[in-house]
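**Q** sequence? don't have it. structure:
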Ligand code: COA
């Protein structure tokens, strides 16, 4: 059996936070944000809008697109590090909202979480364990960003994307996967939240709930790891750059995307970029960009694609797949 993506959907909050809005909140300016990060605006949830709300809307759209009933799902995986609650999982809340059956759990691997979800779905389907799986990437990063810290608050946004994956005998679908982590670099990007097990972090960090980031260091690791993963996953699949329609990179910074593409030898016209509208929505960046391109016709049936991501862990990876 092969794991084919057969439906996509996405959802972003209505509220737009522009660079001009941020100028009123921290010592920054619109041009700096646009030139240093490539972001013009991002979407922000209201106080009573949660990850499961965005994920539910994306899930409904993906099911409709796939022509599948929620009852046919065997499993919902929601990749998120900003779930409404630590328990139950956001995936369980989505299951209830859409009236699905099957099993549910959240996958906590920050930005590459959606791609790791695709890898998991591939393994389940190819082993014969499940037939129909929904993978969601959904985040409300605005709820864990310190809006007095100009180093981080300008970068992040909220959103969700979902795909429906099904078992078919037709070759293709999720073809190859490349995944790696280096836990020694975890201090470069972390969100202590409730998981304050590490005393040194507790002492250093009097405000436990916010994302902490060493942007400059991350930048270098992001470019190297995403470029290398893209090349490796193509090699595994026996394909070259010319064989793929698009590289869909994690949208963390336009300069990271451009440097990754250059290092991997991918021309920029083959790179999906929407960071100017949404900023870094963590696990949601790739499924949102994918959904946009499928719906506006840039991605067509049979197109080969590489999704590549990088984030906290540090963790990174790439998935080579074809749209059904
Ligand atoms: N507005 C204006 N100036 C800012 C600023 C802001 N929002 N944020 C930082 N600056 C200042 C810095 O304080 C520094 O000033 P100084 O030279 O007087 O000290 C200057 O701009 C340059 O800072 P630097 O950190 O070198 O900028 P940069 O070009 O590396 O861009 C990031 C900063 C965070 C945008 C960039 O490093 C980045 O995107 N890193 C990767 C982050 C990432 O990917 N995170 C998520 C991974 S999933």
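**A** Perfect, thanks for sending it. Since the structure is predicted, the reported quantities are computational estimates derived from the model, not experimental observations.

**Q** what does this structure put close to the ligand?
**A** By C-beta under 6 Å from any ligand atom, the residues of the chain that approach the ligand are 28, 32-33, 36-37, 111, 150-151, 154, 189, 213, 215-216, 218-219, 222, 252-253, 256, 280, 311. Backbone N, C-alpha and C define where each C-beta goes, glycine included.

**Q** ChimeraX command to pick out the buried ones of those?
**A** With 16 or more other C-beta atoms under 10 Å as the criterion, this ChimeraX line picks the buried residues out of the residues of the chain next to the ligand:
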select :28,33,37,111,150,154,189,213,215,218,222,252,253,256,280,311
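
**Q** quick one: low-confidence parts of this structure?
**A** Along the chain, segments meeting pLDDT under 70 span 194-208.

**Q** what sits up against stretch 15-33?
**A** For stretch 15-33, contacts defined as C-beta atoms under 8 Å, 6 or more residues apart in numbering pick out 34, 39-46, 142, 147-150, 153-154, 157.

**Q** in helices only, show me the residues of the chain next to the ligand.
**A** Using DSSP state H, the members of the residues of the chain next to the ligand that fall in helices are 32-33, 36-37, 150-151, 215-216, 218-219, 222, 256.

**Q** in the stretch 51-200 of the chain, which spans are strands?
**A** Remark: strands assigned in the stretch 51-200 of the chain by DSSP state E, counting those that start in this stretch are 75-79, 103-107, 132-140, 158-168, 174-181, 189-190.

**Q** so what strands line up beside the shortest one?
**A** Think strand 189-190. strand 212-213 (antiparallel) (DSSP bridges).

**Q** what sits up against the strand it pairs with?
**A** With C-beta under 8 Å, 6+ apart as the test, strand 212-213 has contacts from 151-152, 188-192, 205.

**Q** care to break the chain down by domain?
**A** Domain ranges of the chain: 2-168, 174-322, per automatic domain parsing.

**Q** the last one: how far from the chain's middle?
**A** Per C-alpha atoms, centre = their mean, to the nearest Å, the displacement of domain 174-322 from the mean C-alpha position of its chain is 8 Å.

**Q** any idea how far apart the tips of it sit?
**A** 6 Å (C-alpha to C-alpha, to the nearest Å).

**Q** list the buried residues of stretch 139-157.
**A** Neighbour-count burial for stretch 139-157, counted by 16+ other C-beta under 10 Å, picks out 139-145, 150, 152-157.

**Q** okay, now the sheet partners of the strand or helix carrying residue 17, with direction.
**A** Remark: residue 17 resides in strand 16-18, with elements defined by DSSP states H and E. When sheet partners are counted by DSSP bridges, strand 16-18 sits next to strand 41-43 (antiparallel).

**Q** and the residue nearest to the spatial centre of the chain, how far from residue 265?
**A** In the chain, the residue lying closest to the centroid (C-alpha atoms, centre = their mean) is residue 283, at 2.3 Å. Between residue 283 and residue 265 the distance is 27 Å, computed by C-beta to C-beta, to the nearest Å.
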